[in-house]
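Participant: give me a 3D structure for the following:
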Amino acid sequence: MTKLDRLWGTLEAVPDLAATDLEWKWRLGADYGFAKAFLVSRGQIAESYPCPSQGQHGHRHRIIHDGDDRYAGVCDFCEETSHSQADVCIHGFNAAKLGKSVASAFGLQPADGDVPDAVKTYRIGTYAPRVGRRVPVFLTLQTRRKGFQGAADRIAAIENGPFILMAPTATLFQPESETILKRRNAYFVSLQEVLEVNGRRQIAAVMTIEQALDGSRKRRAKRGRPQLTSAERRRYEKLWRGWEDVRGKAGMKMSEYCAQKDITPKQLESIGRQVRRARRSSSAV
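Facilitator: Numbering: from 1, shown residues only. This is a model prediction of the structure:
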């Protein structure tokens, strides 16, 4: 199995999922050999392409037709370069083909279609964990956090129940988007974490969709768990230890103990969970 880190990062760096073949090669690096199967020529010649010296000058080479099948890359900083028409032709990334590959890797019931009013966002399949349960799966290919949040907003607006939202990486998945998904009991999956290329040059899952969703649940719970300061931890430990010492003795009830300590039973139960969790963590080290 081979990772595709360059591919996933590139899909969140090329604004319109369209660039010259030269730029795709530069951005994709070793992943170009696999990814070129997803690139489709648009039959157009680009006006420019990024400087091949890894963008150190922050400029682009102008493309000039040099006769027949030859084109020149010209700028004010680098030497003129010569290219074929194939090099400077614009190639778009086939998002629909990627969606089908992802659906196949996870064994989803395939679906195909753009999400209305959501740029570069597609419904790619349906997850059916059991009879009568159908969860739609979406893929969004954004380059900015605002675009990602807009896609999450739009899907949440048209879906009444839970859904799964996938993206190349977790870079654009920020707390604002997480809040949107949490309200719908929806889940986010980063393709970078769950997909690789197998020996047959096919996208394959390194875990089941159930395992991916379980990982999403655990990360959500961990992020949502309040972090205690040292002072709070000492106070909570003292309160809970006090209750452990007196409960059941002389008919002491939790409500009576809480009244003495000026806290509610619900707060004491929460304190107990956090103290037990901290004790388990300490004993595991």
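
Participant: Gly150 contacts Val115, doesn't it?
Facilitator: No. Gly150 lies out of contact with Val115 (CB atoms under 8 Å); the separation is 10.6 Å. From N, CA and C alone the C-beta is placed, and that goes for glycine too.

Participant: remind me which helix or strand Val165 belongs to.
Facilitator: Actually, residue 165 is Leu. It isn't Val. Taking DSSP states H and E as the definition, one finds Leu165 inside strand 164-167.

Participant: distance from the chain centre to that strand, please.
Facilitator: 7 Å (CA atoms, centre = their mean, to the nearest Å).

Participant: and it, which strands flank it?
Facilitator: Applying DSSP bridges to the sheet, strand 164-167 is found paired with strand 133-140 (parallel), strand 187-190 (parallel).

Participant: just give me the longest helix of this protein.
Facilitator: The single longest helix within the chain, with elements called by DSSP state H, is helix 265-284.

Participant: what helices and strands are in contact with that one?
Facilitator: With contacts taken as 3 or more CB pairs under 8 Å, 6 or more residues apart in numbering; DSSP states H and E, helix 265-284 sits against helix 230-246, helix 254-261.

Participant: can I get those in TSV including mean neighbour count and mean pLDDT?
Facilitator: TSV is the format used below for those (neighbours: other CB atoms under 10 Å; pLDDT from 0 to 100):
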stretch	mean neighbour count	mean pLDDT
helix 230-246	14	80
helix 254-261	13	84
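
Participant: tabulate those (a markdown table), appending distance to Leu165.
Facilitator: Formatted as a markdown table, those follow (distance: least, CB to CB, whole Å):
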| stretch | distance to Leu165 |
| --- | --- |
| helix 230-246 | 35 |
| helix 254-261 | 42 |
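
Participant: and Val275, which of those helices is closest to it?
Facilitator: Among the helices and strands packed on helix 265-284, helix 230-246 comes nearest to Val275, with 4.5 Å by CB to CB.

Participant: show residues contacting that closest one.
Facilitator: Helix 230-246 is contacted from outside by 228, 252, 254, 257, 261, 263, 268, 271-272, 274-275, 278, using CB atoms under 8 Å, 6 or more residues apart in numbering.

Participant: what angle do that helix and helix 265-284 make?
Facilitator: Counting by axes from the mean of the first three to the mean of the last three CA atoms, to 10 degrees, helix 230-246 lies at 100 degrees to helix 265-284.
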